[in-house]
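Peer 1: Build me a model from this:
(chains A and B)
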Protein chains: 2
Amino acid sequence: MTFDFSDKVKGLKPSAIREIFKSLTDPEVISFAAGNPSPLSFPVEKLRLLADEIFETEPSKALQYGITEGYSPLREQVAQRLKSKFSTGKDFDEVIITSGGQQGIDLACKVLCNEGDTVICENPSFIGALNAFRSYGVNLKGIDAGEDGIDPEKLEKMLCEDSRVKLIYLIPTFQNPSGITTTLEKRKAILEIAKKHGVVILEDNPYGELRFAGTDVPTIKSMDGEGIVLYCGSFSKILSSGMRVGFLCGHNDLISKIVVVKQTNDVHTNQFFQMLCSKFIDRYGLDEHIKSINALYGKNCALMLSSLDDNFPRCISYTRPEGGLFLWVTMPENTDMREFIKRTVDAKIAVVPGETFMPDVNRKSFSFRLNYSMPTENEIIKGISILSDVIKNMGIN
Amino acid sequence: MTFDFSDKVKGLKPSAIREIFKSLTDPEVISFAAGNPSPLSFPVEKLRLLADEIFETEPSKALQYGITEGYSPLREQVAQRLKSKFSTGKDFDEVIITSGGQQGIDLACKVLCNEGDTVICENPSFIGALNAFRSYGVNLKGIDAGEDGIDPEKLEKMLCEDSRVKLIYLIPTFQNPSGITTTLEKRKAILEIAKKHGVVILEDNPYGELRFAGTDVPTIKSMDGEGIVLYCGSFSKILSSGMRVGFLCGHNDLISKIVVVKQTNDVHTNQFFQMLCSKFIDRYGLDEHIKSINALYGKNCALMLSSLDDNFPRCISYTRPEGGLFLWVTMPENTDMREFIKRTVDAKIAVVPGETFMPDVNRKSFSFRLNYSMPTENEIIKGISILSDVIKNMGIN
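Peer 2: Now for the predicted structure:
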């Protein structure tokens, strides 16, 4: 039996990262390839207690079908927190709970884009989003993320030249994979350009709460007076990734349509864990817990940066993130990246090659992504030391 | 801000049932409108115990990202059970865990259908599936389900006339909404026709285990020697609907592509509840538990049927299901259904009008669906009595 797949999914490849993740069964491998939160960040005992309470007091509600919009108390808590802590969300905005941030991205594209439409992304960008867009047969156009966000002039030019742009996808804070944060000035400029052209911005912010240095930059959504920004958030990096609970906050006309489409997608998000999130927020709040995660990640990131500073040759550059999970290392322009990745695998170090994150699959990359949330301190020290040996053995210095 | 939605979702309406479900806050309403399992069917204390064990022994695995294919032990248990109990699944078949049966349906359509392709369905059929298909811009063509499944000759004719048919969607056992079961002869004939035309059958079987009378009819998938049948199952009606855990079993080439697309959709299904399902099966098995559900639904169904027999005029017909959650009532052909539904609402009885389930939105229906899993015995007796008064007051006798 051979299958005739739809045009939109025919060329779709599995995410290289998820494939790397599957192959990481060798306990000797030091992995800097993950996008996972540290297991130390899961508030296990608190969740355990609250889960038992749900089974005790509201089992039928937790195990029965819920409404597509999401568990009402959680929707209100999310809306409240966005508003009070990040000035994000106006009266015309609504929140829908999604099955992780990933589903929010998928639904946004499905609802707004026809096949052949264009989505503008940062270059590099989150592979999960890029593949979601590809699965709807849209064209991806990348704008270099640079050191502090895309160039608004390039965005303006692209919008003028392409009338089929339906979505601008950005991760303005602690970007995946680069770790960079878009400046306030650029955020303002990008928003004005999107408004001028009437194109929706999908602001993906799964890492925004994970700041361990510097000061918050306002979300683009917080400056959105008319509902042109759809904001995507997630509990994956602050409570549990395996539970698949995220959310979208956007104009009620847009959210209403997304609700209808989510209904056809998975009816609603796991009801028990929506209630568990809600109970956790109610009982403990999120701030203290997030503070402890950031202490851990800040320490790991600093250790990784000092190891890089101590070991890597000067011709190699890397970002110095103030939060999130990743930093982005760029090799000299003539590096044989295929050979480099091969050698890292042989040395039992896992990194994610930069080309994985390119909206344009033919675009070369001399970068790779390093994760510092998952490895232990020893793994960071040992792993970076091995990586620098690999680099030196390639004659890069 | 006005939004320019994609062509495929522009005309999509929320499921009437989910909307009815939301409006059922009046405690005086007797609802026969649900598609929910009885809350009495949730094995609360057992799940509570096992959930606590997971928090005790494997919290990091349960709260962390998992692989898209699903939790391996659960995939194996599902494959095993399908094979040993229903002779379903060959060596070339694989199982993927989905976020409820709904996601299985959605993914099947996304992977196989371009916009403008055709999906053949039973008429009437499950609204959640119809809307999922619509959300990909496909054309729906219905074949009357009759009393024992669609007419294979009509299927053959439709396939000869329409070269764009990519999927045949069937619920052969205890169909939603009609409660009917397709005969073995028709199953065989349908499979042969599908093979001849090389069109995939999506066999949706969320109710197959809920048999309280008669004997099992082999699944279409069990007779599938080449992988042309994609089988969709669910734990929603046997363990918990709110947890959103279902599965697909199909040819590994097809499942591989579905894995890639699910990855872009929600990464994976809630990991904790996949482990909980697996532990439940491991510790208690499913058979005893399902037996107790069927005792309950069999009793409710028999009571509803005897109430209908005692109260409804002879000109009204209804199906006599041997399992599942629903029966299907058909009024005389000239009935003013709009007026009837209005009067049921006024009498505080909720039923789902037949037109909801029509693949062709312009097709008239003189039927409605009754659910017997959710109401209590008293509600069944009282509700059917009120319904028959409504009918008599309309001059139908």
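Peer 1: can we go C-alpha only for contacts and neighbour counts from here?
Peer 2: Fine.
Peer 1: just the helices in the stretch 201-350 of chain A please.
Peer 2: All helices of the stretch 201-350 of chain A, identified by DSSP state H, counting those that start in this stretch, fall at A:252-266, A:271-284, A:287-311, A:337-346.
Peer 1: could you dump the second one to CSV, C-alpha only?
Peer 2: The C-alpha atoms that make up helix A:271-284 are tabulated as CSV, following Å, rounded to 0.1, in the frame of the first residue of the first chain:
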residue,chain,number,x,y,z
GLN,A,271,-9.2,18.9,31.8
PHE,A,272,-7.5,17.5,34.9
PHE,A,273,-4.2,19.4,34.3
GLN,A,274,-6.1,22.6,33.5
MET,A,275,-7.6,22.3,37.0
LEU,A,276,-4.3,21.4,38.4
CYS,A,277,-2.7,24.5,37.0
SER,A,278,-5.5,26.6,38.3
LYS,A,279,-5.3,25.1,41.8
PHE,A,280,-1.5,25.6,41.8
ILE,A,281,-1.9,29.3,40.9
ASP,A,282,-4.6,29.7,43.4
ARG,A,283,-2.8,28.0,46.3
TYR,A,284,0.8,29.0,45.7
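Peer 1: Name the nearest residue to residue A:2, ignoring sequence neighbours.
Peer 2: Nearest in space to residue A:2, with sequence neighbours left out and distances taken as CA to CA, 6 or more residues apart in numbering or on different chains, is residue B:253 at 7.8 Å.
Peer 1: And for residue A:222?
Peer 2: Nearest one to residue A:222, counting by CA to CA, 6+ apart, is residue A:88 at 4.2 Å.
Peer 1: And residue A:188, by the same measure?
Peer 2: residue A:220 (7.2 Å).
Peer 1: My read is that that neighbour contacts residue A:185, right?
Peer 2: No: under the criterion of CA atoms under 8 Å, residue A:220 is not in contact with residue A:185, lying 10.5 Å apart.
Peer 1: quick one: which of the two has more around it?
Peer 2: More crowded of residue A:220 and residue A:185, by other CA atoms under 10 Å in any protein chain shown: residue A:220, with 23 against 10.
Peer 1: Settle this for me: the residue nearest to residue A:222 is touching residue A:221, isn't it.
Peer 2: Yes: using CA under 8 Å, residue A:88 is in contact with residue A:221, at 5.8 Å.
Peer 1: The two: who's more crowded?
Peer 2: More crowded of residue A:88 and residue A:221, by other CA under 10 Å: residue A:221, with 26 against 22.
Peer 1: any idea how far the more buried one lies from residue B:139?
Peer 2: The spacing between residue A:221 and residue B:139, counted by CA to CA, to the nearest Å, is 37 Å.
Peer 1: where does the closest residue to residue A:394 other than its chain neighbours land on pLDDT?
Peer 2: In this structure, residue A:394 finds its nearest non-sequential neighbour in residue A:340, 7.7 Å apart by CA to CA, 6+ apart. The confidence metric pLDDT takes the value 95 at residue A:340.
Peer 1: For residue A:340, give me its contacts.
Peer 2: A:390-391, A:394 (CA atoms under 8 Å, 6 or more residues apart in numbering or on different chains).
Peer 1: So which of those is the closest to chain B?
Peer 2: The nearest member of those to chain B, counting by CA to the nearest CA, is residue A:390 at 29.7 Å.
Peer 1: pLDDT of the helix or strand hosting that closest one, averaged?
Peer 2: Following DSSP states H and E, one finds residue A:390 within helix A:377-393. The pLDDT scores in helix A:377-393 average 97.
Peer 1: That helix: which residues count as buried?
Peer 2: A:379-381, A:383-391 (16 or more other CA atoms under 10 Å in any protein chain shown).
Peer 1: can you give me the angle it makes with helix A:337-346?
Peer 2: For helix A:377-393 against helix A:337-346, the angle by axes from the mean of the first three to the mean of the last three CA atoms, to 10 degrees is 140 degrees.
Peer 1: between helix A:377-393 and helix A:287-311, how big is the angle?
Peer 2: Using the same axes, to 10 degrees: helix A:377-393 against helix A:287-311 is 30 degrees.
Peer 1: which strands and helices sit next to helix A:377-393?
Peer 2: Where contact means 3 or more CA pairs under 8 Å, 6 or more residues apart in numbering or on different chains; DSSP states H and E, helix A:377-393 is packed against helix A:287-311, helix A:337-346, strand A:349-350.
Peer 1: So which residues on the stretch 51-200 of chain A come close to chain B?
Peer 2: Residues of the stretch 51-200 of chain A that fall close to chain B, judged by CA under 8 Å from any CA of the partner chain: A:51-52, A:55, A:59-60, A:62-67, A:99-103, A:106, A:110-114, A:128-129, A:131-132, A:135.
Peer 1: Please apply the same query to the stretch 201-350 of chain A.
Peer 2: Within the stretch 201-350 of chain A, the positions lying close to chain B (CA under 8 Å from any CA) are A:226-228, A:240-244, A:253-254, A:257, A:260-261, A:263-272.
Peer 1: Apply 6 Å and report the result again.
Peer 2: Selection of the stretch 201-350 of chain A residues close to chain B by CA under 6 Å from any CA of the partner chain yields A:240-244, A:260, A:264-266, A:270-271.
Peer 1: so which of the residues you listed is the most crowded?
Peer 2: Busiest of those [other CA under 10 Å] is residue A:270, holding 32 neighbours.
Peer 1: That residue contacts residue B:243, correct?
Peer 2: Yes: here residue A:270 reaches residue B:243: they are 4.7 Å apart, a contact under CA atoms under 6 Å.
Peer 1: where along the stretch 1-150 of chain A do the helices fall?
Peer 2: A:7-10, A:16-23, A:44-57, A:59-63, A:72-86, A:100-112, A:127-134.
Peer 1: Just give me the lowest mean pLDDT stretch among the ones you listed.
Peer 2: When the helices of the stretch 1-150 of chain A are ranked by mean pLDDT, helix A:16-23 comes last with a mean of 66.
Peer 1: so what's residue A:382 up against?
Peer 2: Residues near residue A:382 by CA atoms under 6 Å, 6 or more residues apart in numbering or on different chains: none.
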